[in-house]
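1. Provide a 3D model corresponding to the input given below.
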Amino acid sequence: MAKSKKVSAAVMGLMVLSLGLHAGMVVQAQENNGLEQLRGGVAAVLNPGTSNSVDIVNATAKELNLELVEQKEESQVGRLVMANVSNSLNVRAEADEAAEKVGMLYKDCGGTIIERKDGWTKLQSGNIIGWASDEYLLFDQEAQELANSVGKMVATIDTEALRVRSEPNTEAEAYGVFPKGEVVEVLREGEDGWICVDYEGNDGYVSAEYVVLDFLIDAGETVDEIEAREREEEEAKRHVKYGEFSTDVDTTMLLAALIQCEAGGEIYEGQVAVGAVVMNRVRSSAYPNTIHGVIYASGQFTPAMTGKLDQVYTSGNIYESCVRAAKDALAGTSNVGDLTHFRRNNGREGLVIGNHVFY
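-> Residues are numbered from 1 along each chain as shown. The predicted structure follows:
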């Protein structure tokens, strides 16, 4: 296979398929001799085509030498819009509070502007196309700042198998192998053509020549998608008896598998913290009230989105420490209080445990 470094991009009016997610709009990519630092930022928004996320062309346009296509100042069509809510926002078929609801945007979800009028914005987010009140939306710089804060850079493996190493060189120990299509979070640029990625909570390094980069933010759900998810959650409830959050073996192992995917290489306290975040979401009215529903909620956990979680779960090869951490979290142990988010520590404020920051 010929080696090639790829950066996903799209020009207005074109649709590009990347990461299995539809893309389309406003940037052109130019080859660069080496990746600059990947410090999240929004270059442009891509038209979303799935319920899981909105693709934003590789954050840090300047640092990746992306050339922005100029847009007319008088038009905001195709630009970023973000939900400005603590819970959820109804999206309607028409610019009217009495109009039919076609979907919902949630906290930290984004989309692209189709049209604006009379205090309402027609937008696309995931599979939703509809109108939302400007009162609950962010635009322009405010939208970009929020997207930068909540989005993440990911890399999709673009070769049959790619070793992930402990250091940015081919002589370093190999932690393991990523299969083609695996999606992993990018932490920063390494050196000499390497990218630092998350490998079960550890810093791992892969060659930039064999990956495709994308910047992701969450998208909303259509009414049909919401109803389908709720049916799945009801089915999951049949297998779970709540109270002190006692569960059947399958649900415990699902939580343990997620902990392994997100923090398998972390210290035990970090593994418990990931489990506690899931349980805090179950208890919160802002999230689904089942473990299954929280884990598989649209765009929330990358391993669930990419299928890695299912692979680990069905393999049965789950670390004993992750199983213990899941059981502790289910028993009510929380070393993160009532916090509901975490990510690799990138300097943002929050509670730092191991390589993650919780907030």
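
2. not counting sequence-adjacent ones, nearest residue to residue 163?
-> Closest residue to residue 163 apart from its sequence neighbours, by C-beta to C-beta, 6 or more residues apart in numbering: residue 174 at 4.5 Å. Heads up, the C-betas are built off the backbone N, CA and C, glycines and all.

3. who touches the one you found in this structure?
-> Each residue near residue 174 by C-beta atoms under 8 Å, 6 or more residues apart in numbering is listed here: 163-166.

4. redo those as a markdown table? Include neighbour count and secondary structure.
-> Formatted as a markdown table, the contacts of residue 174 follow (neighbours: other C-beta atoms under 10 Å; DSSP: H, G, I helix; E, B strand; the rest coil):
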| residue | neighbour count | secondary structure |
| --- | --- | --- |
| 163 | 17 | strand |
| 164 | 23 | strand |
| 165 | 21 | strand |
| 166 | 14 | coil |
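
5. all helices for the protein, in order.
-> Here the chain has its helices, by DSSP state H, at 140-150, 223-237, 249-263, 268-283, 291-295, 302-306, 308-315, 320-330.

6. just the angle for the fourth one relative to helix 320-330, thanks.
-> Pointing back at helix 268-283 there. Computed by axes from the mean of the first three to the mean of the last three C-alpha atoms, to 10 degrees, the angle separating helix 268-283 from helix 320-330 equals 40 degrees.

7. helix 268-283 - what's its average pLDDT?
-> Mean pLDDT, helix 268-283: 94.

8. stretch 310-329 now?
-> 92.

9. same check on stretch 180-190?
-> On average, stretch 180-190 scores 81.

10. pull the CA atoms of that stretch into CSV?
-> Output of stretch 180-190 as CSV, limited to C-alpha atoms (Å, rounded to 0.1, in the frame of the first residue of the first chain):
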residue,chain,number,x,y,z
LYS,A,180,-8.4,-0.6,9.9
GLY,A,181,-11.3,1.7,10.6
GLU,A,182,-10.6,2.0,14.4
VAL,A,183,-11.3,5.6,15.6
VAL,A,184,-9.1,6.9,18.4
GLU,A,185,-8.9,10.2,20.2
VAL,A,186,-5.9,12.4,19.2
LEU,A,187,-4.1,14.1,22.1
ARG,A,188,-1.4,16.0,20.4
GLU,A,189,1.3,15.9,17.7
GLY,A,190,4.2,13.7,18.4
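
11. buried stuff in that stretch?
-> For stretch 180-190, the buried set under the neighbour-count rule, 16 or more other C-beta atoms under 10 Å, comprises 182-187, 189-190.

12. still on that earlier bit, JSON lines for the helices of the chain, including mean neighbour count and distance to residue 130?
-> As requested, these are exported to JSON lines (neighbours: other C-beta atoms under 10 Å; distance: least, C-beta to C-beta, whole Å):
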{"stretch": "helix 140-150", "mean neighbour count": "16", "distance to residue 130": "18"}
{"stretch": "helix 223-237", "mean neighbour count": "14", "distance to residue 130": "10"}
{"stretch": "helix 249-263", "mean neighbour count": "24", "distance to residue 130": "32"}
{"stretch": "helix 268-283", "mean neighbour count": "23", "distance to residue 130": "26"}
{"stretch": "helix 291-295", "mean neighbour count": "23", "distance to residue 130": "24"}
{"stretch": "helix 302-306", "mean neighbour count": "21", "distance to residue 130": "23"}
{"stretch": "helix 308-315", "mean neighbour count": "17", "distance to residue 130": "30"}
{"stretch": "helix 320-330", "mean neighbour count": "21", "distance to residue 130": "37"}
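
13. for residue 215, find the nearest of those.
-> helix 140-150 (8.3 Å; C-beta to C-beta).

14. could I have the CA atoms of that closest one written out in PDB?
-> The C-alpha trace of helix 140-150 is given here as PDB (Å, rounded to 0.1, in the frame of the first residue of the first chain):
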ATOM      1  CA  ASP A 140     -20.100  33.000  15.400                       C
ATOM      2  CA  GLN A 141     -17.300  33.400  17.900                       C
ATOM      3  CA  GLU A 142     -19.400  32.100  20.900                       C
ATOM      4  CA  ALA A 143     -20.300  29.000  18.900                       C
ATOM      5  CA  GLN A 144     -16.700  28.400  17.900                       C
ATOM      6  CA  GLU A 145     -15.500  28.700  21.500                       C
ATOM      7  CA  LEU A 146     -18.000  26.200  22.800                       C
ATOM      8  CA  ALA A 147     -17.300  23.800  20.000                       C
ATOM      9  CA  ASN A 148     -13.600  24.000  20.700                       C
ATOM     10  CA  SER A 149     -14.200  23.300  24.300                       C
ATOM     11  CA  VAL A 150     -16.500  20.300  23.900                       C
END
